[in-house]
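Q: I'd like to go over a predicted model; first the sequence, then the structure.
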Number of protein chains: 2
Amino acid sequence: MGLLLVLDRGRPVPLHAQIFEGIRTLILTGQLAAGHRLPSTRELAETLQVSRNTARLAYDRLAAEGYIEARHGAATRVAVQVPDTTFRAVHTARDVRTPPAAPAASPDATTAFDAELQDIFEDEALRWDFALGRPDAQAFPARTWQELTADTLADPEMRAALTRYGDPAGFLPLREAIAQQLAATRGLRVSPTQVMIVAGSQEGLHLACRLTCDATRSTGIEDPCYQGALYLFRSLRCSVVGIPVDDGGVCVDRLPPEGFALLYVTPSHQYPTGATLPLERRLALLEWAQRSSSLIVEDDYDSDFRYDGPPLTALAGLDPYGRVLYLGTFSKSLGPGLRIGYLVVPPWLAQRARTALGLMTGGHELLSQAVLARLLASGRFESHLRRLRRRYNERRLRLVAELRRHLGPVDLAGAEAGLHLAWRLPADWPTAEQLRRRAVAAGVGVYSTRSGGSAELQTSAAHKRTVTLGFSSLAPEAIGAAVARLAEVCGAGRGSGACARDLPAHVHPDGH
Amino acid sequence: MGLLLVLDRGRPVPLHAQIFEGIRTLILTGQLAAGHRLPSTRELAETLQVSRNTARLAYDRLAAEGYIEARHGAATRVAVQVPDTTFRAVHTARDVRTPPAAPAASPDATTAFDAELQDIFEDEALRWDFALGRPDAQAFPARTWQELTADTLADPEMRAALTRYGDPAGFLPLREAIAQQLAATRGLRVSPTQVMIVAGSQEGLHLACRLTCDATRSTGIEDPCYQGALYLFRSLRCSVVGIPVDDGGVCVDRLPPEGFALLYVTPSHQYPTGATLPLERRLALLEWAQRSSSLIVEDDYDSDFRYDGPPLTALAGLDPYGRVLYLGTFSKSLGPGLRIGYLVVPPWLAQRARTALGLMTGGHELLSQAVLARLLASGRFESHLRRLRRRYNERRLRLVAELRRHLGPVDLAGAEAGLHLAWRLPADWPTAEQLRRRAVAAGVGVYSTRSGGSAELQTSAAHKRTVTLGFSSLAPEAIGAAVARLAEVCGAGRGSGACARDLPAHVHPDGH
């Protein structure tokens, strides 16, 4: 007898697997009854025009799983009893396009995790996108990376290391190189054992939360803030308190005396307002942390890029109490696609952080760590950074110049560092959110403190007039064209339109 | 005047940074008083034998951070007031070898995370290590990987992608390739949108926990089990219930009617006992999950390697209820160093899983995902697997043969699949743990169900006599020598010694 089986030679699924699934379906749906005699592998091979071996493979597997019984010599037959339940198995297994709804009977399972996620993908509708924190599309040093990958794979010890479990805290030579870099550029003297390699700032922040947050205390965050931090805290069921941000960064005088399990701050270049936290506030922050037995995570996301003057010592570099966790990333200097960042923890937390990483991920991909370690040790990372700084500085200056040219003496902040600046709109202009909408409609991506990568907790209205623009991913010419378009949107540039009226008399040339 | 500064030209820290730190220290420790006149950059350069520019860089940074005041034309002076607090900053910043103790005043911070971690590093003391789940040190396909890395980096679209944030759930072509592979080899038909790329099984399990566990319900685990799962559950403060394992795998009749938030199982090749869960138990498990509204995570950690007969359909492939999360990894086939695994979630969980990954890590390193996608699509992964299967099968057969040759008709289980087998000791032999200690002392690494990568919750004593041996990382000759040594340890092989007495009459040749 023949079997009604349709094989699709176009499908990526091997024929023996298709035969297995087909016969299994016929059995489970009752079209082949228990004890029913099946064709021999020769017959089957002929019927289906497949090799004898293909047919045998399918039968072997059906037998191994108890669907059929193949006694040597005797005929192959459908197994005597197959439980009813598997009937339904077939349908879901076959039709993934109509998935079963969330198990209604399992509210716990469906409510255990619930959170928001912002998508940082590019908006196709935008002709020009002043995206925040996005490197130049040409920025990745592909040739160097490939070279160093070859060097790394040429090392038998490294090839062997890829077949083993490594230190979940990261590849030691990379941690050493990072510790050296931090001493040289951030006034931060740490042991490599304090440096935890993570999948970008996001995992570093997640690690910081796992180490510090529990149900008994609130967490604090800047307002406005980096959205990924706010959403992460909420997803961990932490109660989150927003601390207002002004022109000097986070308002330390607004910190609660009872403290936080963890406070998230961006002292070098507040995200998104661009403010730099002055020394006095840094010291006050450390005192508050000690007084209130709080811990602080300092996200130093873009300190590789400082155009006016040298970088400031990191908050962690001033911390006498072992209360600051320092977050660094290579997402801005090399690219978010690498997912390499690091969390520097105080010595007393180092062992615990390593344990947490071992349980959370088992550590980061080794090859890219080894390549990056070579890049840092070779000094080629520094020259790569210098090239990038020149490129981004040119774009920064172009953006500032174009804004002034088209919109007059604009009030800008945070332009001295990082990959974006903040433009404070005059009081009688539309709000930042209104301007953003108009701009997007005209194909220009600019951001308010509640869009893009940032979020608000509404503790202050001051930022309703703050528009942020990232300049790192747009070529100078594009910046020129984009600002011209933006000016049209504002009705300015041609000296007409609501936006242009009464530009503020007092302006800060570039945020100082 | 001169300054007492010692520069170490051997240190990787640039001279300007050393000068900055040195003067900052002198100021913060009061050795340079407020208002004190500092040497000009020329004087400083001469005193310290550095370039004028180096001195200027140091002063610029000191001024930028408010430590000194440099008025144009006038002399440079120490800033008028620097807060006392920073005194202590210097010490911790300078001396990382005497870290401050955990902040005593901050019990929350110090108890928020507390967990165990087993180290899977090699034990140097072992001459032969039958390590479980460790690939052959030569297994990584370095040349192919390097080739495909070059191809990937040659693609401008991929280079640009490295500079952007991608889908946290993973690189789509890789997810598609995995979905196809699962259909062909595991009887699992899923949409690529259900496939989440994670940093190995460990992150996959962590993701599963984040999605399903909450304080209101217990979690279940096989006993004995994979240690990384038990420790992870505990670190998440889940109450963990052990379900006994017998020769047929996890005892489904011992599952609690009220169910679990999540049950962790290894049906293909129970870790560490090697048992394969029969079809009946698989179906019963699914029924139980539906009845008790529980979710199951199926860890299919080593199903790439099956030597006798084709692989079984995964539990997830039989699941009609959308209650099974399927965990796969490339750690066995390529190497743990890559940290690439995947969690296949039911359709109703896909969006939530993607969100969770976005907040936990932002996704996995892109380059290795792209290279792996090419490896899978090119069919070269399949041939790599075939080569490895041949190699490991040879080692498996050698291990079985040597054990029989030196120790007689030993009772082995789980040898038909995976990278390790279980040896059940006769009742009158020392326990597995005792044998393990003796073997380790003799330089041979074998494991009990409470050592290496596994753990016990003591729900059954049956496993006190189970010794596990991994055969994938030892060459055949080494296996021969190691088993000979092991036999000496047992006092067997020469037909003498306590261990050799009364070998059991009834033996299972290879676990069937």
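A: Nice, thanks for sending it over.

Q: the nearest residue to A:S473 once chain neighbours are set aside: how many residues sit nearby?
A: Leaving out its chain neighbours, the residue that sits closest to A:S473 by CB to CB, 6 or more residues apart in numbering or on different chains is A:R134, at 4.3 Å. In short, each C-beta sits where N, CA and C put it, glycine included. Here the number of neighbours of A:R134 (other CB atoms under 10 Å in any protein chain shown) works out to 25.

Q: quick one: classify A:R134 as helix, strand or coil.
A: Taking DSSP: H, G, I helix; E, B strand; the rest coil as the rule, one finds A:R134 in the coil state.

Q: what's the answer for the one 3 residues further on, then?
A: Assigned with three-state DSSP, A:A137 falls in the coil class.

Q: ditto for A:D428
A: Strictly by three-state DSSP, A:D428 counts as coil.

Q: returning to what we had before: pretty sure the residue nearest to A:S473 sits against A:F471.
A: No: A:R134 lies out of contact with A:F471 (CB atoms under 8 Å); the separation is 10.1 Å.

Q: Three-state assignment for A:E222, please.
A: strand.

Q: what's the neighbour count on it?
A: For A:E222, the neighbour count with other CB under 10 Å is 29.

Q: ok now do A:I197, which residues does it touch?
A: A:A169, A:G170, A:F171, A:L174, A:R175, A:I340, A:G341, A:Y342, A:G363, A:H364, A:Q369 (CB atoms under 8 Å, 6 or more residues apart in numbering or on different chains).

Q: most neighbours of all the residues you listed, which one?
A: Neighbour tally across these (other CB under 10 Å): the maximum, 30 neighbours, falls on A:H364.

Q: up against chain B, what does the stretch 401-512 of chain A have?
A: By CB under 8 Å from any CB of the partner chain, the residues of the stretch 401-512 of chain A that approach chain B are A:S473.

Q: okay, now the closest residue to chain B within the stretch 401-512 of chain A: neighbour count?
A: Closest to chain B within the stretch 401-512 of chain A is A:S473: 7.9 Å, counting by CB to the nearest CB. For A:S473, the neighbour count with other CB under 10 Å is 24.

Q: that one falls within a strand, correct?
A: No: counting by three-state DSSP, A:S473 falls outside a strand, being coil.

Q: from what I can see it touches A:A137, true?
A: Yes: in terms of CB under 8 Å, A:S473 counts as a neighbour of A:A137; the distance is 6.6 Å.

Q: which neighbours do these two share?
A: Each of B:T163 lies in contact with both A:S473 and A:A137 under the rule CB under 8 Å, 6+ apart.

Q: re earlier: overlap of the contact sets of A:R134 and A:F471?
A: Residues touching both A:R134 and A:F471 (CB under 8 Å, 6+ apart) are A:L419.

Q: A:A427 and B:I243: what is the separation?
A: Distance of A:A427 to B:I243, computed by CB to CB, to the nearest Å: 66 Å.

Q: these two - which one has more neighbours?
A: Between A:A427 and B:I243, counted using other CB under 10 Å, the more crowded position is B:I243 (23 against 8).

Q: give me the three-state assignment for the more buried one.
A: The three-state label given to B:I243 by three-state DSSP is strand.

Q: contacts only, for it.
A: Contacts of B:I243 were listed using CB under 8 Å, 6+ apart, and they are B:G220, B:I221, B:E222, B:D223, B:V250, B:C251, B:R254, B:L255, B:L263, B:T459.

Q: how about the helix or strand harbouring A:T144: buried residues?
A: A:T144 belongs to helix A:142-154 when assigned by DSSP states H and E. Buried residues in helix A:142-154, counted by 16 or more other CB atoms under 10 Å in any protein chain shown: A:A142, A:T144, A:W145, A:Q146, A:E147, A:L148, A:T149, A:T152, A:L153.

Q: what's the neighbour count on the residue in the stretch 201-350 of chain A positioned nearest to chain B?
A: As assessed by CB to the nearest CB, chain B sits closest to A:P347 within the stretch 201-350 of chain A, at 2.7 Å. For A:P347, the count of nearby residues is 19 (other CB under 10 Å).

Q: how near is it to A:Y264?
A: Counting by CB to CB, the separation of A:P347 from A:Y264 is 21 Å.

Q: quick check: which ranges of the stretch 101-250 of chain A have low pLDDT?
A: Counting by pLDDT under 70, the stretch 101-250 of chain A contains low-confidence residues at A:101-112, A:118-124.

Q: what of the stretch 401-512 of chain A?
A: When residues are selected by pLDDT under 70, those of the stretch 401-512 of chain A lie in A:492-512.

Q: can you rerun that using 80?
A: Scanning the stretch 401-512 of chain A for pLDDT under 80 picks out the ranges A:458-462, A:492-512.

Q: which SS class is A:D214?
A: Looking at A:D214 with three-state DSSP, the answer is coil.

Q: surely it is in contact with B:A215?
A: No: here A:D214 does not reach B:A215: they are 11.7 Å apart, not a contact under CB under 8 Å.

Q: tell me which of the two has more neighbours.
A: Neighbour count, other CB under 10 Å: between A:D214 and B:A215, A:D214 has more, with 16 against 13.

Q: tell me where the stretch 201-350 of chain A has strands.
A: For the stretch 201-350 of chain A, the strands defined by DSSP state E, counting those that start in this stretch cover A:219-223, A:225-226, A:240-246, A:249-250, A:262-265, A:296-299, A:324-329, A:341-344.

Q: mind listing what the first one pairs with, with the direction of each?
A: Right, strand A:219-223. Strand A:219-223 sits in its sheet next to strand A:240-246 (parallel), strand A:262-265 (parallel), going by DSSP bridges.

Q: for A:R485, which non-adjacent residue is closest in space?
A: Ranked by CB to CB, 6+ apart and with sequence neighbours excluded, the top spatial neighbour of A:R485 is A:V444, at 5.3 Å.

Q: the one you found bridge partners, please.
A: Beta-bridge partners of A:V444, counted by DSSP bridges, are A:W128.

Q: wait, what's in contact with it?
A: When contacts are counted by CB under 8 Å, 6+ apart, A:V444 is found next to A:L126, A:R127, A:W128, A:D129, A:F130, A:A482, A:R485, A:L486, A:V489.

Q: if anything else comes up later, I'll come back, but that's it for now.
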